[in-house]
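> Sharing a model prediction with you, sequence too.
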Amino acid sequence: MTHFLDIHKTDPTDLQEILSSAQRMKNARLGRPKGAKDDTLPLAGHMVALIFEKPSTRTRVSFDVGVRQLGGEPLMLAGHDMQLGHGETIADTARVLSRYVDLIVIRTFEEAALLELAEHATVPVINGLTNRSHPCQIMADILTFEEHRGSIKGKRVVWCGDGNNVFASFAHAAGQLGFDLVFSGPETLDPEAEAVEFARSKGVTVTIERDPAKAVEDADLVVTDTWVSMHDSDTTKERRHNQLRPYQVNAELMRHASEHALFMHCLPAHRGEEATNDVMDGPNSVIFDEAENRLHAQKAIMRWCLAV
């Protein structure tokens with residue numbers, strides 16, 4: 001079964017093919033209405049279940065639109081519709097859904113739920129996000145970088161802020177695609193050691209640098225993410241803000257980076273917190289290309305999973 005569960009669980013050659021496929025499909029749609037279907041309809045006759053236990057804008061819309069553009073039928077299932085793992089086991093849900101649909105995308109909290117679903121499903125499963133990783137986002141980020149700057153292999157990517165699930169997927173991608181990665185953030189929010197060690201085991205350099213100005217020197221890409229989750233308490237939010245304020249990406253910090261350094265943020269953003277407007281809307285920012293490329297990257301991932 002060809003699942004897309006995490007970048008470090010997918011062969012690097014397959015990752016490159018997914019990226020190439022995404023770029024080809026994006027190029028083929030230039031100038032076409034957003035609602036127009038692709039010239040070929042590889043998902044025609046296919047039903048895709050989209051399970052969202054966590055709220056979403058970009059993941060939900062991009063997968064829904066992507067399925068439709070490829071000729072398939074999306075079936076949207078919210079967390080309160082499913083009660084995944086409550087009453088009926090996740091394993092039984094996987095077995096039942098596999099009788100109805102051809103592909104399952106899930107955005108959930110615990111990685112264990114994703115893995116159990118994939119273990120018992122008899123159709124491919126795609127990780128739309130868990131608390132530990134966000135591989136579809138990073139595939140879109142790599143696609144965006146390579147559109148603007150060519151191959152990411154050998155480049156220097158700098159992450160400012162919280163060592164969260166998005167950073168973990170960047171570390172997985174660094175190992176698989178051969179770029180160096182720098183984490184700059186407070187020690188209390190360091191990334192999980194497992195993701196860092198995976199990248200290092202593949203021969204790339206992963207550095208932890210507490211001084212953000214030093215971290216971004218010679219950067220080819222500077223990335224940040226929101227400092228807080230919608231589920232955080234007010235006390236947690238204030239504590240995180242206090243820890244992360246020195247790592248805000250602003251014009252002064254970007255002056256320490258290479259002149260050609262791109263800026264990314266996976267959105268949604270709290271403008272004026274993790275990044276300032278002059279950076280987010282500045283000439284080095286590619287945040288809206290990055291958001292668009294969720295659509296193209298995920299279409300390529302779905303095609304790869306179904307071999308169509």
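Perfect, I can see it now. Numbering: from 1, shown residues only.

> ok, which stretches of this structure are strands?
With DSSP state E, the ranges of strands along the chain come out as 47-52, 73-78, 103-107, 125-129, 156-160, 180-184, 206-208, 221-224, 262-265.

> The last one: how far from the chain's middle?
The one in question is strand 262-265. Taking C-alpha atoms, centre = their mean, to the nearest Å, one finds strand 262-265 lying 13 Å from the centre of the chain it belongs to.

> ok, residues contacting it?
Contacts of strand 262-265 with the rest of the structure, by C-beta atoms under 8 Å, 6 or more residues apart in numbering, involve 141, 144-145, 148-149, 220-225, 249, 254, 274-275, 279-280, 282, 284-287, 290. (C-beta placed from N, C-alpha, C; glycine too.)

> make it 10 Å
137, 140-141, 144-145, 148-149, 155, 157, 159, 161, 166, 219-226, 249, 254, 257, 271, 274-275, 279-280, 282-287, 289-291 (C-beta atoms under 10 Å, 6 or more residues apart in numbering).

> Just to check, residue 61 is in contact with residue 294?
Yes: if you go by C-beta atoms under 10 Å, residue 61 and residue 294 touch, sitting 8.6 Å apart.

> the more surrounded of these two?
Each of residue 61 and residue 294 has its neighbours counted (other C-beta atoms under 10 Å); residue 294 has more, 25 against 13.

> quick one: residue 60 and residue 67 touch, right?
No: between residue 60 and residue 67 there is no contact under C-beta under 10 Å: 11.3 Å.

> Pull up the overlap in contacts between those two.
Residues touching both residue 60 and residue 67 by C-beta under 10 Å, 6+ apart: 50, 74, 105.

> Where helices are concerned, which of the contacts of strand 262-265 count?
In helices, defined here by DSSP state H, the members of the contacts of strand 262-265 are 137, 140-141, 144-145, 148-149, 166, 254, 279-280, 287, 289-291.

> Out of those residues, which is nearest to residue 127?
residue 137 (10.3 Å; C-beta to C-beta).

> which one is that closest one nearest to, not counting chain neighbours?
Sequence neighbours aside, residue 266 is the residue nearest to residue 137 in space, at 5.1 Å (criterion: C-beta to C-beta, 6 or more residues apart in numbering).

> can you put the strands of the chain in TSV and add mean pLDDT and mean neighbour count?
TSV is the format used below for those (pLDDT from 0 to 100; neighbours: other C-beta atoms under 10 Å):
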stretch	mean pLDDT	mean neighbour count
strand 47-52	97	22
strand 73-78	95	16
strand 103-107	97	26
strand 125-129	98	26
strand 156-160	98	25
strand 180-184	98	23
strand 206-208	98	16
strand 221-224	98	28
strand 262-265	98	24
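
> coming back round to it: which one of the ones in helices among the contacts of strand 262-265 sits closest to residue 302?
Looking across the ones in helices among the contacts of strand 262-265 and measuring by C-beta to C-beta, the closest to residue 302 is residue 140, at 13.5 Å.
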